[in-house]
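Participant: dropping the sequence and predicted coords here.
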Amino acid sequence: MIWLQLVLLGLLLLALLTGVYAAVANQRRHKERARQANERGWRYAPGGWQPIFKTNYRLTGSTMRGIVWELDRVWRDGRLEFIWRAAKAPLPYGALVILPAQTEKNPDPLVAPFNLHRVRPLPPHWPPDYELFATHNALAERCLDTAVTQILHQYPPWPQPGSLGRIVWRQKSLIIVGCYENDWVALDRIVALGTALTAVTGTG
(Lines give C-alpha, C1' and ligand atoms only; values in the text may rest on other atoms or scores of the structure.)
Protein backbone atom coordinates (compact mmCIF):
# COMPACT_ATOMS: atom_id res chain seq x y z
CA MET A 1 0.00 0.00 0.00
CA ILE A 2 2.93 2.33 0.63
CA TRP A 3 4.00 2.18 -2.99
CA LEU A 4 0.47 3.04 -4.09
CA GLN A 5 0.46 6.07 -1.80
CA LEU A 6 3.83 7.14 -3.18
CA VAL A 7 2.54 6.84 -6.74
CA LEU A 8 -0.54 8.91 -5.92
CA LEU A 9 1.62 11.50 -4.17
CA GLY A 10 3.91 11.64 -7.18
CA LEU A 11 0.97 12.15 -9.53
CA LEU A 12 -0.40 14.87 -7.27
CA LEU A 13 2.95 16.68 -7.21
CA LEU A 14 3.26 16.35 -11.00
CA ALA A 15 -0.21 17.85 -11.49
CA LEU A 16 0.64 20.67 -9.10
CA LEU A 17 3.93 21.46 -10.84
CA THR A 18 2.24 21.33 -14.24
CA GLY A 19 -0.39 23.81 -13.05
CA VAL A 20 2.22 26.15 -11.62
CA TYR A 21 4.27 26.01 -14.83
CA ALA A 22 1.20 26.71 -16.96
CA ALA A 23 0.21 29.64 -14.74
CA VAL A 24 3.69 31.20 -14.92
CA ALA A 25 3.90 30.69 -18.70
CA ASN A 26 0.47 32.22 -19.25
CA GLN A 27 1.30 35.18 -17.04
CA ARG A 28 4.42 35.86 -19.11
CA ARG A 29 2.36 35.69 -22.28
CA HIS A 30 -0.17 38.13 -20.81
CA LYS A 31 2.63 40.61 -20.00
CA GLU A 32 4.13 40.32 -23.48
CA ARG A 33 0.74 40.82 -25.16
CA ALA A 34 0.09 43.85 -22.95
CA ARG A 35 3.44 45.30 -24.00
CA GLN A 36 2.79 44.70 -27.70
CA ALA A 37 -0.69 46.21 -27.45
CA ASN A 38 0.57 49.27 -25.59
CA GLU A 39 3.15 49.92 -28.32
CA ARG A 40 0.29 50.05 -30.83
CA GLY A 41 -1.84 52.35 -28.71
CA TRP A 42 -4.27 49.55 -27.82
CA ARG A 43 -5.41 48.17 -24.48
CA TYR A 44 -5.07 44.52 -23.50
CA ALA A 45 -7.14 42.53 -21.01
CA PRO A 46 -7.01 38.78 -20.26
CA GLY A 47 -10.36 37.03 -20.62
CA GLY A 48 -12.42 35.18 -18.08
CA TRP A 49 -12.58 35.27 -14.30
CA GLN A 50 -9.26 33.48 -13.88
CA PRO A 51 -6.91 35.26 -16.27
CA ILE A 52 -3.81 33.34 -15.12
CA PHE A 53 -5.17 30.13 -16.63
CA LYS A 54 -7.29 31.54 -19.47
CA THR A 55 -6.22 31.71 -23.10
CA ASN A 56 -8.91 34.16 -24.18
CA TYR A 57 -8.12 37.86 -24.27
CA ARG A 58 -9.44 41.19 -25.54
CA LEU A 59 -7.81 44.12 -27.29
CA THR A 60 -9.52 47.50 -27.53
CA GLY A 61 -8.69 50.63 -29.45
CA SER A 62 -10.11 53.29 -31.71
CA THR A 63 -9.63 54.37 -35.30
CA MET A 64 -8.34 57.79 -36.37
CA ARG A 65 -11.99 58.78 -36.81
CA GLY A 66 -12.68 57.88 -33.19
CA ILE A 67 -14.63 54.67 -33.82
CA VAL A 68 -14.12 52.36 -30.83
CA TRP A 69 -13.43 48.68 -31.59
CA GLU A 70 -12.88 45.45 -29.65
CA LEU A 71 -10.97 42.37 -30.74
CA ASP A 72 -11.49 39.09 -28.88
CA ARG A 73 -9.53 35.88 -29.14
CA VAL A 74 -12.03 33.14 -28.31
CA TRP A 75 -12.62 29.41 -28.57
CA ARG A 76 -15.65 28.69 -30.75
CA ASP A 77 -16.74 25.47 -32.43
CA GLY A 78 -13.52 23.76 -31.40
CA ARG A 79 -11.10 26.35 -32.77
CA LEU A 80 -9.56 29.69 -31.92
CA GLU A 81 -10.85 32.78 -33.70
CA PHE A 82 -10.23 36.49 -33.77
CA ILE A 83 -13.46 38.52 -33.64
CA TRP A 84 -13.12 42.24 -34.38
CA ARG A 85 -16.22 44.35 -33.82
CA ALA A 86 -17.25 47.98 -33.84
CA ALA A 87 -20.70 48.66 -32.42
CA LYS A 88 -20.92 52.14 -33.92
CA ALA A 89 -19.75 51.76 -37.50
CA PRO A 90 -23.01 52.28 -39.36
CA LEU A 91 -23.56 51.86 -43.06
CA PRO A 92 -25.65 54.57 -44.72
CA TYR A 93 -28.22 51.86 -45.52
CA GLY A 94 -28.55 48.11 -46.09
CA ALA A 95 -25.98 45.42 -45.29
CA LEU A 96 -22.81 43.80 -46.66
CA VAL A 97 -21.41 40.29 -46.18
CA ILE A 98 -18.04 39.00 -47.42
CA LEU A 99 -17.33 35.24 -47.32
CA PRO A 100 -14.47 33.03 -48.51
CA ALA A 101 -15.29 31.56 -51.90
CA GLN A 102 -14.81 28.07 -50.46
CA THR A 103 -17.72 28.57 -48.06
CA GLU A 104 -20.09 30.67 -50.12
CA LYS A 105 -21.76 27.63 -51.72
CA ASN A 106 -24.18 27.69 -48.80
CA PRO A 107 -24.29 31.32 -47.65
CA ASP A 108 -27.94 31.23 -46.56
CA PRO A 109 -27.34 31.40 -42.76
CA LEU A 110 -25.60 34.78 -43.17
CA VAL A 111 -27.20 36.12 -46.33
CA ALA A 112 -30.87 35.20 -45.97
CA PRO A 113 -31.63 37.18 -42.77
CA PHE A 114 -30.59 40.42 -44.49
CA ASN A 115 -32.13 39.60 -47.89
CA LEU A 116 -28.76 40.00 -49.60
CA HIS A 117 -27.87 39.10 -53.18
CA ARG A 118 -24.56 38.25 -54.86
CA VAL A 119 -22.90 41.41 -56.14
CA ARG A 120 -22.10 41.51 -59.84
CA PRO A 121 -19.98 42.96 -61.25
CA LEU A 122 -17.45 42.77 -58.44
CA PRO A 123 -15.39 45.86 -57.51
CA PRO A 124 -12.15 46.45 -59.47
CA HIS A 125 -9.21 44.24 -58.45
CA TRP A 126 -11.46 42.18 -56.19
CA PRO A 127 -9.58 39.11 -54.82
CA PRO A 128 -10.97 35.87 -56.32
CA ASP A 129 -10.84 34.15 -52.93
CA TYR A 130 -13.94 36.02 -51.70
CA GLU A 131 -17.58 36.41 -52.62
CA LEU A 132 -19.52 39.58 -51.91
CA PHE A 133 -23.18 39.91 -50.97
CA ALA A 134 -25.14 43.13 -50.41
CA THR A 135 -28.61 44.60 -50.26
CA HIS A 136 -27.55 47.22 -52.81
CA ASN A 137 -24.73 47.09 -55.38
CA ALA A 138 -24.04 50.75 -54.69
CA LEU A 139 -22.82 49.82 -51.20
CA ALA A 140 -19.93 47.85 -52.70
CA GLU A 141 -18.96 50.79 -54.89
CA ARG A 142 -19.13 53.19 -51.96
CA CYS A 143 -17.60 51.16 -49.11
CA LEU A 144 -15.06 48.80 -50.66
CA ASP A 145 -12.29 51.01 -51.97
CA THR A 146 -8.72 50.20 -53.05
CA ALA A 147 -7.38 50.21 -49.47
CA VAL A 148 -9.90 47.53 -48.46
CA THR A 149 -9.22 45.28 -51.46
CA GLN A 150 -5.47 45.57 -50.95
CA ILE A 151 -5.80 44.30 -47.39
CA LEU A 152 -8.06 41.45 -48.54
CA HIS A 153 -5.31 40.40 -50.96
CA GLN A 154 -2.92 40.04 -48.00
CA TYR A 155 -4.97 37.31 -46.31
CA PRO A 156 -3.93 33.67 -46.76
CA PRO A 157 -6.54 31.32 -48.25
CA TRP A 158 -9.29 30.13 -45.92
CA PRO A 159 -9.13 28.13 -43.64
CA GLN A 160 -5.40 28.58 -43.11
CA PRO A 161 -4.21 30.18 -39.83
CA GLY A 162 -4.72 33.92 -40.00
CA SER A 163 -7.23 33.71 -42.85
CA LEU A 164 -10.45 35.71 -43.09
CA GLY A 165 -13.65 33.86 -42.13
CA ARG A 166 -16.29 36.49 -42.81
CA ILE A 167 -17.26 40.14 -42.66
CA VAL A 168 -20.81 41.03 -41.62
CA TRP A 169 -21.65 44.73 -41.85
CA ARG A 170 -25.10 45.85 -40.84
CA GLN A 171 -26.43 49.37 -40.47
CA LYS A 172 -25.31 49.65 -36.85
CA SER A 173 -22.30 47.38 -36.49
CA LEU A 174 -19.34 45.79 -38.25
CA ILE A 175 -17.99 42.34 -37.36
CA ILE A 176 -14.88 40.69 -38.83
CA VAL A 177 -14.07 37.07 -37.98
CA GLY A 178 -10.70 35.50 -38.75
CA CYS A 179 -8.93 32.22 -38.05
CA TYR A 180 -6.43 32.49 -35.23
CA GLU A 181 -2.71 32.76 -35.92
CA ASN A 182 -0.10 33.21 -33.20
CA ASP A 183 1.40 36.27 -34.84
CA TRP A 184 0.90 39.99 -34.37
CA VAL A 185 0.87 40.37 -38.14
CA ALA A 186 -2.57 38.71 -38.12
CA LEU A 187 -3.79 41.10 -35.41
CA ASP A 188 -2.42 44.14 -37.22
CA ARG A 189 -4.09 43.01 -40.45
CA ILE A 190 -7.57 42.54 -38.99
CA VAL A 191 -7.38 45.91 -37.21
CA ALA A 192 -6.19 47.55 -40.44
CA LEU A 193 -9.11 45.99 -42.32
CA GLY A 194 -11.65 47.23 -39.79
CA THR A 195 -10.07 50.69 -39.84
CA ALA A 196 -10.11 50.82 -43.66
CA LEU A 197 -13.76 49.74 -43.83
CA THR A 198 -14.96 52.28 -41.27
CA ALA A 199 -12.91 55.06 -42.86
CA VAL A 200 -14.74 54.69 -46.16
CA THR A 201 -18.16 55.51 -44.76
CA GLY A 202 -16.98 58.73 -43.21
CA THR A 203 -18.58 57.87 -39.89
CA GLY A 204 -17.15 58.91 -36.57
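Facilitator: Everything's here; your move. All figures in this text were calculated on a predicted structure; none of them were measured in a lab.
Participant: next, the nearest residue to Ile67 once chain neighbours are set aside: phi, psi?
Facilitator: Closest residue in space to Ile67, ignoring its immediate chain neighbours: Thr198 at 4.9 Å, by Cβ to Cβ, 6 or more residues apart in numbering. C-beta: built from backbone N, CA, C; applies to glycine. The phi and psi torsions at Thr198 (degrees, to the nearest 10) take the values phi -70, psi -30.
Participant: surely Thr198 meets Lys88?
Facilitator: No. Counting by Cβ atoms under 8 Å, Thr198 does not reach Lys88; the two are 9.2 Å apart.
Participant: quick check: neighbours shared by these two?
Facilitator: Shared contacts of Thr198 and Lys88, defined by Cβ atoms under 8 Å, 6 or more residues apart in numbering, comprise Ile67.
Participant: higher neighbour count, these two?
Facilitator: The neighbour comparison of Thr198 against Lys88 (other Cβ atoms under 10 Å) goes to Thr198, with 24 against 14.
Participant: can you pull the contacts of the more buried one?
Facilitator: Contacts of Thr198 by Cβ under 8 Å, 6+ apart are Thr63, Arg65, Ile67, Ala86, Ala89, Leu174, Gly204.
Participant: only whichever of those are buried, select them in PyMOL.
Facilitator: Only the buried entries of these go into this PyMOL selection, using 16 or more other Cβ atoms under 10 Å:
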select buried, resi 63+67+86+89+174
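Participant: which of the contacts of Thr198 scores worst on pLDDT?
Facilitator: Lowest pLDDT of these: Gly204, 41.
Participant: low pLDDT regions in the chain?
Facilitator: For the chain, the stretches with pLDDT under 70 are 1, 3-27, 48-54, 103-110, 112, 201-204.
Participant: do a quick rundown of the helices in it.
Facilitator: Counting by DSSP state H, the chain has helices at residues 2-39, 108-111, 137-143, 146-154, 184-201.
Participant: can you give me the buried ones in stretch 79-94?
Facilitator: Neighbour count says stretch 79-94 has Phe82, Ile83, Trp84, Arg85, Ala86, Ala89, Pro90, Leu91, Gly94 buried, by 16+ other Cβ under 10 Å.
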